[in-house]
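[1] Whatever this is, show me its structure:
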Amino acid sequence: YNSKPWSYKDLPKRFAEFGTVYRYEQSGQLHGLTRVRGFTQDDAHIFCTPDQLDQEFMNVIDLVLYVFGSLGFDNFTAQVSLRDPKNPDKYIGHLENWEKAETAIINAAKAKGLDYVVEEGEAAFYGPKLDFMVKDALGRSWQLGTIQVDYNLPERFELTYKGRDNELHRPVMIHRAPFGSMERFIAILLEHTGGNFPLWLMPEQVSILSLSEKYEKYAQKVLNLLENHDIRALVDNRNETIGKKIRESEMNKIPFMLIVGEQEELEGSVSVRQHGIGDLGSMKIEMFIDKIKESVRQEVKEFKEV
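    A predicted model of the protein is given here:
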């Protein structure tokens, strides 16, 4: 930020990166992917004017809720983490700035209708934060997304922007990480879904199962049509029974299986099976493509920035 001068017209300014973070956690505290010594964080910092703070903070809440909603995390708790008033030496900055930051977080949480709890003493040393807590399969709470308001580091690093009055002013900084630790997020997601990811997230969305080698060309044609619509698919042309192919696709949790044989090739259709549900009958390839694309659209609502 300090590499160039800024005007109020340039703000808010948002910087983001996926970066590796190392922490020397004690060996007894390490826990699978949920607490590690090296992890990847979707780190971002927003620099804004004090007047822009409330809206920017609510925009980030929208982003976190979008991420959670797209991945099926409906059961979470929002935690407003404040300073411990009995131990002021643990924190940097002026009391006035802390009070402004804490008020901004609570107002944003209320405006978004979050069901939140307040925890004193859980703030970062430089500012209060809004943490999003999700439980694992054993009911233990883990922090995933986090948003932090920081008046103090801009002061420490002497960050400025030129205001409407042509004078230099101090920006407010928002730290935000909707996923938090990517490794922890993936661990909790695996526990929540048991590997049954949302359709849009599955590495392979469709398995094309040919009844015999005679229908390999038609299976390849179906694959090409699916890939032309950005549908991730594979062809299973192994010399195995169709029953075994179906069982293995079910075990691999592939959402859709398309069975192709003589009848399907003649009709330009596919026989569709859905993981965990069973036979959906025969349909034209174009109809199946429309069906899967609509399913993805329903899972992931378009995020519109306020």
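
[2] Burial check on the closest residue to Ser81 other than its chain neighbours, number of neighbours?
    Leaving aside its sequence neighbours, Ser81 sits nearest to Glu122 (CB to CB, 6 or more residues apart in numbering; 3.6 Å). For every residue, glycine as well, the C-beta is placed using N, CA and C. Around Glu122 sit 16 other residues, with neighbours defined as other CB atoms under 10 Å.

[3] Please give the element, helix or strand, for Glu122.
    Using DSSP states H and E, Glu122 is not contained in any helix or strand.

[4] Contact partners for it?
    For Glu122, the contact set (CB atoms under 8 Å, 6 or more residues apart in numbering) comprises 79, 81-82, 129, 131.

[5] go on, Met173?
    Counting by CB under 8 Å, 6+ apart, Met173 has contacts 45-47, 149-151, 153-154, 159.

[6] in this protein, which residue is closest to the centre?
    Val67 (3.8 Å; CA atoms, centre = their mean).

[7] Summarise which helices and strands the helix or strand containing that one is packed against.
    Taking DSSP H and E as the definition, Val67 sits inside helix 53-70. Applying 3 or more CB pairs under 8 Å, 6 or more residues apart in numbering; DSSP states H and E, one finds that helix 53-70 contacts strand 38-48, helix 95-111, strand 129-135, strand 141-150, strand 172-177.

[8] try 6 Å
    Where contact means 3 or more CB pairs under 6 Å, 6 or more residues apart in numbering; DSSP states H and E, helix 53-70 is packed against helix 95-111, strand 172-177.

[9] tell me which residues in the next helix or strand after that helix are buried?
    The helix or strand immediately downstream of helix 53-70 is strand 76-82, counting by DSSP H and E. Within strand 76-82, the residues that count as buried by 16 or more other CB atoms under 10 Å are 76, 78-82.

[10] Can you tell me which of the helices and strands packed on helix 53-70 is most buried?
    Per-stretch averages of neighbours, counted by mean count of other CB atoms under 10 Å, single out strand 172-177 among those, with a mean of 23.

[11] That one: partners in the sheet, and parallel or antiparallel?
    strand 38-48 (antiparallel), strand 141-150 (antiparallel) (DSSP bridges).

[12] could you check the angle helix 53-70 makes with the helix or strand following that strand?
    Sequence-wise, the next helix or strand downstream of strand 172-177 (DSSP H and E) is helix 182-193. Angle, helix 182-193 to helix 53-70, by axes from the mean of the first three to the mean of the last three CA atoms, to 10 degrees: 50 degrees.

[13] picking that back up, gap between the helix holding Val67 and the chain center?
    In terms of CA atoms, centre = their mean, to the nearest Å, the centre of helix 53-70 is found 11 Å from the chain centre.

[14] Just the buried residues of it, please?
    In helix 53-70, counting by 16+ other CB under 10 Å, buried: 53-54, 56-61, 63-68.

[15] ok, so of these, who is nearest Asn166?
    Leu53 (21.8 Å; CB to CB).

[16] The closest residue to Ile246 other than its chain neighbours: neighbouring residues, count only.
    Nearest non-adjacent residue to Ile246, counting by CB to CB, 6+ apart: Met257, 6.1 Å away. Per other CB under 10 Å, the neighbour tally for Met257 reads 24.

[17] Could you measure from Met257 over to Arg232?
    14 Å (CB to CB, to the nearest Å).

[18] End to end on stretch 2-16, go ahead and measure it.
    End-to-end distance for stretch 2-16, by CA to CA, to the nearest Å: 16 Å.

[19] Residues contacting that stretch, please?
    For stretch 2-16, contacts defined as CB atoms under 6 Å, 6 or more residues apart in numbering pick out 44-49, 52, 56, 161-163.

[20] thinking again about what came up before, ranking the strands paired with strand 172-177 by mean pLDDT, which is last?
    Of all those, the minimum mean pLDDT falls on strand 141-150 (a mean of 90).

[21] what comes into contact with that strand?
    Contacts of strand 141-150 (CB under 6 Å, 6+ apart): 34, 60, 64, 101, 104-105, 124, 126-127, 129-135, 173, 175-178, 180, 185.
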